[in-house]
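# Fold the following, please.
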Amino acid sequence: MGTDELAAIADPSTGRTALIDAIRGLGPVTEPASFWSDIAGSDAFGPEHRRRAVVALFRRHVVPGTTLAELARALGDPAWLVDDDVSVVDVLGGKIPVSWTIADTVLVFGVLPELSDEVSRDWAIYLRVAGTVDLADVLALLRGGTAPPEVQRAEILEVGFEPPGS
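Got it, this is the predicted structure:
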């Protein structure tokens, strides 16, 4: 398993059900993170296909224990990610899919919100990062710039998705 699924995922004409089945049918990670990022950044794919690629990128390549520097390398300065789509949860007014503590930082990545439609709006990825990190430093790191060593080494403690089944 894997080659046929990756071929289906890489085909812009793959329908929604076949795409979901192909992603679910993937075995262990063999593909580079760029496979997903390239799909997410391509206008050849529909909005939901691109969103599912972003979610799969995080599900398959960003796990607890990943550092922010490793995250930046995995994302590879993604064309699909706009700085305004990344924020820090500093006030909790509802439920989020990761724990929120005063000692850690929760980053929220909006998943292509500019492609909003009825099927796939309001998708987000939440990362709980150990310690306090500044959003500007995280964005600089994600864009290939420099960040303080403690930000580069900060570990992702939890990854959560909204909606959870996305």
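# On the three-state scheme, residue 59 is what?
helix (DSSP: H, G, I helix; E, B strand; the rest coil).
# who's in contact with it?
159, 161 (Cβ atoms under 8 Å, 6 or more residues apart in numbering). For every residue, glycine as well, the C-beta is placed using N, CA and C.
# What separation is there between the residue nearest to the spatial centre of the chain and residue 42?
Nearest to the geometric centre of the chain sits residue 58, at 4.2 Å (Cα atoms, centre = their mean). Distance of residue 58 to residue 42, given as Cβ to Cβ, to the nearest Å: 18 Å.
# Return the set of buried residues in stretch 9-24.
For stretch 9-24, the buried set under the neighbour-count rule, 16 or more other Cβ atoms under 10 Å, comprises 9-11, 14, 19, 22-23.
# Could you export the residues you listed as CSV, including distance to residue 48?
As requested, the buried residues of stretch 9-24 are exported to CSV (distance: Cβ to Cβ, whole Å):
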residue, distance to residue 48
9, 13
10, 15
11, 14
14, 11
19, 8
22, 13
23, 12
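# what's the most distant pair in the residues you listed?
11 and 23 (12.8 Å; Cβ to Cβ).
# I'd like the next helix or strand past the helix or strand hosting residue 49.
Taking DSSP states H and E as the criterion, residue 49 maps to helix 47-61. Next in sequence after helix 47-61, counting helices and strands by DSSP H and E, comes helix 68-75.
# Fine by me, thanks again.
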